[in-house]
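> How does the following fold in three dimensions:
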Amino acid sequence: MNNKTENPIYLHNTLEFVTVAAEFCAYLEQLEGKGRPEFIATMQKLLPLLYLKAQLLPQVDSEGDFLPDDQVTEADYNWIRNAVYDIMKEADEYEDLVYDEAMQTEESQWKTVSEGLADIYQALRNFVSAYQQRVEDCMLDALWCVRDNFELYWGQNLVDTLKQLHKIRYVLNSGSDEEDI
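Numbering: from 1, shown residues only. Take a look at the predicted model:
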């Protein structure tokens, strides 16, 4: 695959995803001083865009032989989670109903916006870091990994978190001043 236009790591849709993922990560890395209304409004723009761009990623095959090491440390993860919590405070935790197909029942689970966004951040920061290294085999495996993990985990996490952010902004705070979100 010497031709960059045929290589999935250089396709237009892939590079657009890299751009949005990098923007998402950069925003979360610079949360100090941000208020809840601005934060929620920004997440309500970035999360759907991430979801859309992830849908457009090409299918790639990989053995996983060149998966780069994770770049997000436990300290990085916790910093993001705590920074989001500091913004969300009492609105961070929410109850979500999850359908268990095997049991054909719904069960209630407690989740947090901060952990949901930290999980998405971890997947995307590791992906973006692989692209920044510019090692094509690693980039291809990272592309395979981020798409696979989107389908299995962080895509649903994104949808659940976005749903809660919508609820906070438009349902729980209806009738209150936007600044109080």
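
> Could I get the contacting residues of residue 58?
8, 11, 13, 14, 143 (CB atoms under 8 Å, 6 or more residues apart in numbering). (C-beta placed from N, C-alpha, C; glycine too.)

> same check, this time on residue 133
Residues near residue 133 by CB under 8 Å, 6+ apart: 68, 139.

> Next: residue 145.
Contacts of residue 145 (CB under 8 Å, 6+ apart): 62, 64, 67, 126, 127.

> what do you get for residue 47?
Applying CB under 8 Å, 6+ apart, the residues contacting residue 47 are 158, 161, 162, 165.

> Relative to residue 21, which of the contacts of residue 145 is nearest.
residue 127 (6.1 Å; CB to CB).

> Pull up the per-residue confidence for that closest one.
Listed pLDDT for residue 127 reads 97.

> hang on, it packs against residue 144?
No - if you go by CB atoms under 8 Å, residue 127 and residue 144 don't touch, sitting 10.3 Å apart.

> more crowded one of these two?
residue 127 (25 against 21; other CB atoms under 10 Å).

> Residue 30: neighbour count?
Residues near residue 30, counting by other CB under 10 Å: 10.

> Please read the previous query as pertaining to residue 26.
By other CB under 10 Å, neighbour count at residue 26 equals 11.

> Just the buried positions in the helix or strand harbouring it, please.
Element membership for residue 26, per DSSP states H and E: helix 12-29. By 16 or more other CB atoms under 10 Å, the buried positions in helix 12-29 come out as 14, 17, 18, 20, 21, 22, 23, 24, 25, 28.

> What ranges does this protein have for its strands?
93-100, 105-112 (DSSP state E).

> mind checking how far residue 136 is from residue 10?
Taking CB to CB, to the nearest Å as the measure, residue 136 falls 9 Å from residue 10.

> before we move on, what about residue 169?
Taking CB to CB, one finds residue 169 at 37 Å from residue 10.

> Those two: which has the busier surroundings?
Taking residue 169 and residue 10 together and counting by other CB under 10 Å, residue 169 has the greater number of neighbours (19 against 14).

> That one contacts residue 40, doesn't it?
Yes - counting by CB under 8 Å, residue 169 does reach residue 40; the two are 5.2 Å apart.

> Report the contact partners of residue 142.
67, 68, 126, 127, 130, 131.

> Correction: the previous question concerned residue 44.
Residues in contact with residue 44 (CB under 8 Å, 6+ apart) are 162, 165, 166, 169.

> Just checking: what are the partner strands of the worst-scoring helix or strand of the chain on mean pLDDT?
In the chain, no helix or strand scores lower on mean pLDDT, DSSP states H and E than strand 93-100, which sits at a mean of 86. Next to strand 93-100 in the sheet, as set by DSSP bridges, lie strand 105-112 (antiparallel).
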